[in-house]
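Trainee: this one's sequence-less:
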C-alpha cells in the first residue's frame, strides 16, 4: 500500500506566539532532514528508510512538537516525491519516487517483510523453547525461493541495527544455526550447537576443554545429564570411557573426589592435575552432596 505524507493543516492562527514559531521551525527542520535521509537511501543505497528513522530524529524534541508531528509532517510541494509503503505486518517504510520506482519499493517492502518474519521466528524459538533455529527451517518458510537468495537476505539482516539481536553459530559439522541473544547467551548457543549434531563424545570433550581454558576449572560429569546436553544417565559412563580412550581426546583426564566420589573431567592442555584437583576439592566443599556412582561403575 503506497501513501504520500500527510500534510498538516494549512490554516494558521491569526497570531503566532514565539513558542509556536519556534516549534514550526523545528518541525520544518525535521521534515527537511528526514526527506534528505529518505532520498539519500533511495539514491545511494537503493534501500527503503524505516519509519523508526523519524523516531530517532524526533527523540529530543518537546512533547508538544511530537504531538504535532504525529498528526502529519508539514511537507509542501517540495516533498511530493517522498512516499511510504506499509507491509502486511504494519511496518512503514519510506522512499523517494525521484530515485526509486513504486514497483521497486514494493519489491523491497516484501523483502523487509521477509526479514521481519525470519527475525520473529528466531526470537520465538529462542524465547519459548530455548532452542536454536536451524537454517533449513528458514529455507522451509519459502520453499520456492532459491536458498542463495535467503542467505543474501540473512546477510543484509546482520548489517542492520534493528536485527542486532539475531546471531548465528556453527556446529562442528558445519551446520548453521540462528538464535536471539536476548534469550540465549553466546555460550549456551555454542553448547546447543554441539549437542545438535548428536556427537556425544565430541560434545563432552569440547565442553571440558572450554571449561578448563576459560575459567579454568574441571567439570562435574553430572552436568552432561542436564537438559542442555540431554545425555541419559545410563549412557554417560560409556560415553566418558570412549572419550578417555580416544586418541583425539588424549588431553581429557578424569578425577574422582576421595570423599564424595564425584567424577570430574579436565583438559591437561589448560590445567595440570594439581590445579584441577584443588579446584575440584573447593567446588565439592562449597557444595557438599553425596554422589551416587555412575551406572556401570
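Mentor: Sure thing, it's come through. This structure is a prediction, so every number in the text was calculated from the model and none was measured. Numbers count the residues shown, from 1 in each chain.
Trainee: give me the neighbour count for residue 251.
Mentor: Look at residue 251: counted by other CB atoms under 10 Å, it has 15 neighbours. To be clear about C-beta, it is placed using only N, CA and C from the backbone, and glycine gets the same treatment.
Trainee: and it, what pLDDT?
Mentor: Looking at residue 251, its pLDDT is 97.
Trainee: tell me which helix or strand of this protein sits lowest on mean pLDDT?
Mentor: Every helix and strand in the chain was compared by mean pLDDT, DSSP states H and E; the lowest is strand 2-4, with a mean of 56.
Trainee: assumed residue 115 was part of a strand.
Mentor: No: counting by DSSP: H, G, I helix; E, B strand; the rest coil, residue 115 is not part of a strand but helix.
Trainee: residues touching it, list them.
Mentor: 153, 156, 157, 160, 163 (CB atoms under 8 Å, 6 or more residues apart in numbering).
Trainee: could you rerun that using 7 Å?
Mentor: The neighbours of residue 115, taking CB atoms under 7 Å, 6 or more residues apart in numbering as the test, are 153, 157, 163.
Trainee: which residues does residue 96 bridge with?
Mentor: residue 82 (DSSP bridges).
Trainee: what separation do you get for it and residue 31?
Mentor: Computed as CB to CB, to the nearest Å, the residue 96 to residue 31 distance reads 14 Å.
Trainee: where does this protein dip in pLDDT?
Mentor: The model of the chain has pLDDT under 70 over residues 1-16, 65-76, 197-198, 288-297.
Trainee: let's see it at 50
Mentor: 6-10, 292, 295-296 (pLDDT under 50).
Trainee: just the helices in it please.
Mentor: Using DSSP state H, the helices of the chain run over 18-44, 52-58, 63-70, 102-128, 135-139, 147-158, 186-196, 200-214, 233-245, 273-286.
Trainee: dump those to a markdown table, plus distance to residue 263.
Mentor: Shown next, in a markdown table, are the helices of the chain (distance: least, CB to CB, whole Å):
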| stretch | distance to residue 263 |
| --- | --- |
| helix 18-44 | 59 |
| helix 52-58 | 53 |
| helix 63-70 | 62 |
| helix 102-128 | 32 |
| helix 135-139 | 36 |
| helix 147-158 | 41 |
| helix 186-196 | 20 |
| helix 200-214 | 12 |
| helix 233-245 | 8 |
| helix 273-286 | 10 |
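Trainee: gap between the nearest residue to residue 242 once chain neighbours are set aside and residue 27?
Mentor: Nearest residue to residue 242 in three dimensions, chain neighbours excluded: residue 201, at 5.2 Å (CB to CB, 6 or more residues apart in numbering). Using CB to CB, we find residue 201 at a distance of 66 Å from residue 27.
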